[in-house]
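Asks: when you get a sec, could you give me coordinates for this:
(2 chains)
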2 protein chains.
Amino acid sequence: MNVDELDTPAVVCDLDKLGRNIRDMAARCRQIGIPLRSHTKSHKIPEIAHMQLASGAIGICCQKLGDAEVMVAAGIRDILVPYNVVGPIKVERLLRLARRAAMTVAVDSVDTAQGISEGARRLGGTVRVLIELDTGAHRCGVQSPQAALDLARKIVELPGIDFQGVMTYPSRADAKPFLDETVSLLRGDGIPVDVVSGGGTGHEAISKELGCTETRSGSYVWEGLSRVQNSGDLSDERCPLRIIVTVVSVPTENRIIVDGGIKTFTTFRTAPYGLCVEYPEIKMHAMSVEHGHVDVSGCSHRFRVGERLQWIPNHQEIALNMHDELVGYRGRQVEVVWPVAGRGKVK
Amino acid sequence: MNVDELDTPAVVCDLDKLGRNIRDMAARCRQIGIPLRSHTKSHKIPEIAHMQLASGAIGICCQKLGDAEVMVAAGIRDILVPYNVVGPIKVERLLRLARRAAMTVAVDSVDTAQGISEGARRLGGTVRVLIELDTGAHRCGVQSPQAALDLARKIVELPGIDFQGVMTYPSRADAKPFLDETVSLLRGDGIPVDVVSGGGTGHEAISKELGCTETRSGSYVWEGLSRVQNSGDLSDERCPLRIIVTVVSVPTENRIIVDGGIKTFTTFRTAPYGLCVEYPEIKMHAMSVEHGHVDVSGCSHRFRVGERLQWIPNHQEIALNMHDELVGYRGRQVEVVWPVAGRGKVK
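Replies: Numbering: from 1, shown residues only, chains lettered A, B, ... in the order given. Here you go, the predicted model:
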């Protein structure tokens, strides 16, 4: 089947472009000399994770345990969940995974670490742990090298926990003093630091400069439009993911309505929502729940009901996460229909 | 099980509040004297649709055919899809549904109508059709009463189509001249107008004043926070849907991080994202994909890792649409776990 025969809205992916993005990032990390850990939250599709591992990634990241369960079930054996796993239900799930895969999690409090340790005591097993450092992102993470040392001293005493090192997000040049001092304090205290995990697509070289032992990158698979726009390059060559929609109404000369709205594209970022591949000059200026409202006043083409258009959404990861399936094609021929297996796994 | 034992993020619904919202709207429409057609896009859950029908709704609305397929499979037999059904794949699906239920669709072009008619000729069956009028919403719809007449004249000639009347959205007082003139032009031309469908939660009385034969309302089941905020009433009494999250990090005195972000709440509207039921003074000022960043500087409570909080999202329909399950409870006891059966059915 040709992708142009699929019913719409259809979320489709150019497999050649996807493969190139995966190979290019692997090559970039090899050249820099930084091991790559691929973040799979960007796609939530096990086969794409396997493509990333086959290209040389040392393991994967999952942002939630539910994603990790999907990936372990698909045979992946080295997963970092850079997230505080809190509560007995989640700890039990984590320990179940840890029997089948090398599971590492981030913690930033003794409460989280103790919860994992208590679960391990009750249920058996060991979990690898990193301390998350807030080196400027103002999200999770301990606030100072001394706080990291205080927490590390407590964690290394806890049974069922294999303390591995530290992590931060994203890798920023100005994080170097924080990271260096933390590593030095811990090692000075006799606490081994085997892992220093940095991250953020585009931050691979900084991770290397910071002395990281690995860098976590995810969105490189899609090279989201916002990234391409930021780089000043509006070409669609690096964006494999598109949403094919159909024109369902041409109520006026200047307005067309397509069959995808908020529940197809999401409202991520502000209007215009995404980029039309065929007519970049038209603008999706508004969305209803299931309608896309497109201003075509800047375009000489006369649109007709039934016409199909390809759209690159503002954020390919967030838009894909609305859908149950991703259709992979090569030369317009459908090659694979992937379930978005981790979609909705927010627990 | 108590809802407070559910793993998080958990999307839960107070069944007493939901039932009251459904009964109140049914009573309101009876009092006004306008038949109610419940729009199920707000929940996508067949059992809630059945509750709406049991309370007196004359039928339901589905915004997409995929939703309608779910509802027909659940035994519902009168469905309006106020949407242009375009393309042979969708027309075939529509005709399959029309063998099992009274299916009505909206059209605003002869292209859409011809597509349905050609499908009916090929596959058999009849579809009820309304002409959509753009009475000021600037979305779909013909632009004038004369355009409605021109289209109606063509549609009544098409085999496989049972022309029923007109629809608009939302019901606005200033739509009366457009509606009156359209109905008068059509009837004057010998074209029967049995249905005049208006809509929009809160527009029931206007639908009556406009002379509508039914009014479509959907979001009344949740009474979204934005609506409550608009009415100046910040109480949670009319909002049945909540997302229970867990505090996973307390990195500073003024910041907590909860385990739901963009993929749990969506970025619909701007920050602050939703309302915390227990501490309305705290603000979710930012979200990452899986983290909610909450400013607690205005609150004297000392938060701790593992604490659970209930959140009313900015748009309950849009947030629910991210999730596969809705847990219904009464008196905190879980009474039902509903699959969000229409979620992702954007085709």
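
Asks: quick check: A:Asp24 vs A:Thr182, distance?
Replies: Separation of A:Asp24 from A:Thr182 (Cβ to Cβ, to the nearest Å): 32 Å. For glycine as for every other residue, the C-beta is placed from the backbone atoms N, C-alpha and C.

Asks: residues near A:Val196, how many?
Replies: By the criterion of other Cβ atoms under 10 Å in any protein chain shown, A:Val196 has 23 neighbours.

Asks: list the contacts for it?
Replies: Neighbouring residues of A:Val196 by Cβ atoms under 8 Å, 6 or more residues apart in numbering or on different chains: A:165-167, A:179, A:183, A:210-214.

Asks: ok, now A:Gly59?
Replies: Here A:Gly59 is in contact with A:37-38, A:53, A:76, A:78-80, A:102 (criterion: Cβ under 8 Å, 6+ apart).

Asks: CA atoms only for the lengthiest strand in chain A, dumped as PDB, please.
Replies: In chain A, taking DSSP state E as the definition, the longest strand is strand A:241-252. Taking C-alpha atoms only, strand A:241-252 is exported to PDB below (Å, rounded to 0.1, in the frame of the first residue of the first chain):
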ATOM      1  CA  LEU A 241       7.500  12.400  10.900                       C
ATOM      2  CA  ARG A 242       4.400  13.800   9.100                       C
ATOM      3  CA  ILE A 243       0.700  13.800   9.600                       C
ATOM      4  CA  ILE A 244      -1.300  13.400   6.500                       C
ATOM      5  CA  VAL A 245      -4.600  15.200   6.600                       C
ATOM      6  CA  THR A 246      -7.500  15.700   4.200                       C
ATOM      7  CA  VAL A 247      -9.100  19.000   3.300                       C
ATOM      8  CA  VAL A 248     -12.700  18.500   4.400                       C
ATOM      9  CA  SER A 249     -14.100  22.000   3.800                       C
ATOM     10  CA  VAL A 250     -13.300  25.000   1.700                       C
ATOM     11  CA  PRO A 251     -15.800  27.400   3.200                       C
ATOM     12  CA  THR A 252     -14.200  30.600   1.700                       C
END
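
Asks: which elements pack onto that strand?
Replies: On a contact count with 3 or more Cβ pairs under 8 Å, 6 or more residues apart in numbering or on different chains; DSSP states H and E, strand A:241-252 meets strand A:10-14, strand A:255-258, helix A:262-265, strand A:308-312, helix A:316-320.

Asks: recalculate using a threshold of 7 Å.
Replies: Counting by 3 or more Cβ pairs under 7 Å, 6 or more residues apart in numbering or on different chains; DSSP states H and E, the packing neighbours recorded for strand A:241-252 are strand A:10-14, strand A:255-258, strand A:308-312, helix A:316-320.

Asks: between those, which one is nearest to A:Val142?
Replies: Of all the helices and strands packed on strand A:241-252, it is helix A:316-320 that lies closest to A:Val142, at 27.8 Å by Cβ to Cβ.

Asks: and the closest one, anywhere near chain B?
Replies: Yes: contact between helix A:316-320 and chain B, assessed by Cβ under 7 Å from any Cβ of the partner chain, occurs at A:Ile318.

Asks: who are the packing partners of that helix?
Replies: For helix A:316-320, where contacts count as 3+ Cβ pairs under 7 Å, 6+ apart, the packed elements are strand A:241-252.

Asks: list the buried residues in the strand it packs on.
Replies: Under the neighbour-count criterion of 16 or more other Cβ atoms under 10 Å in any protein chain shown, strand A:241-252 has A:241-251 buried.

Asks: same thing with stretch A:255-272?
Replies: For stretch A:255-272, by 16+ other Cβ under 10 Å, it's A:255-269.

Asks: then stretch A:134-149?
Replies: In stretch A:134-149, counting by 16+ other Cβ under 10 Å, buried: A:134-135, A:137, A:139-142, A:145, A:147-149.

Asks: now do the same contact list for A:Leu36.
Replies: Counting by Cβ atoms under 7 Å, 6 or more residues apart in numbering or on different chains, A:Leu36 makes contact with A:25-26, A:29, A:56-58, A:215, A:217.

Asks: put together a markdown table for those residues, with secondary structure and distance to B:His203 on each row.
Replies: Formatted as a markdown table, those follow (DSSP: H, G, I helix; E, B strand; the rest coil; distance: Cβ to Cβ, whole Å):
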| residue | secondary structure | distance to B:His203 |
| --- | --- | --- |
| A:Met25 | helix | 51 |
| A:Ala26 | helix | 56 |
| A:Cys29 | helix | 56 |
| A:Gly56 | coil | 58 |
| A:Ala57 | coil | 54 |
| A:Ile58 | coil | 57 |
| A:Thr215 | strand | 53 |
| A:Ser217 | strand | 49 |
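
Asks: could you dump those into CSV and include pLDDT, distance to A:Trp338 and neighbour count?
Replies: Listed next are these as CSV, based on pLDDT from 0 to 100; distance: Cβ to Cβ, whole Å; neighbours: other Cβ atoms under 10 Å in any protein chain shown:
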residue, pLDDT, distance to A:Trp338, neighbour count
A:Met25, 93, 20, 25
A:Ala26, 94, 20, 20
A:Cys29, 96, 25, 26
A:Gly56, 96, 22, 16
A:Ala57, 98, 18, 26
A:Ile58, 98, 23, 14
A:Thr215, 97, 26, 26
A:Ser217, 94, 21, 28
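
Asks: on that earlier part again, which of A:Asp24 and A:Thr182 has more residues huddled nearby?
Replies: A:Thr182 (27 against 14).

Asks: quick one: the more buried one is in a helix?
Replies: Yes: using DSSP: H, G, I helix; E, B strand; the rest coil, the secondary structure at A:Thr182 is a helix.

Asks: please name the residues that touch it.
Replies: With Cβ under 7 Å, 6+ apart, A:Thr182 has these contacts: A:133, A:145, A:148, A:166.
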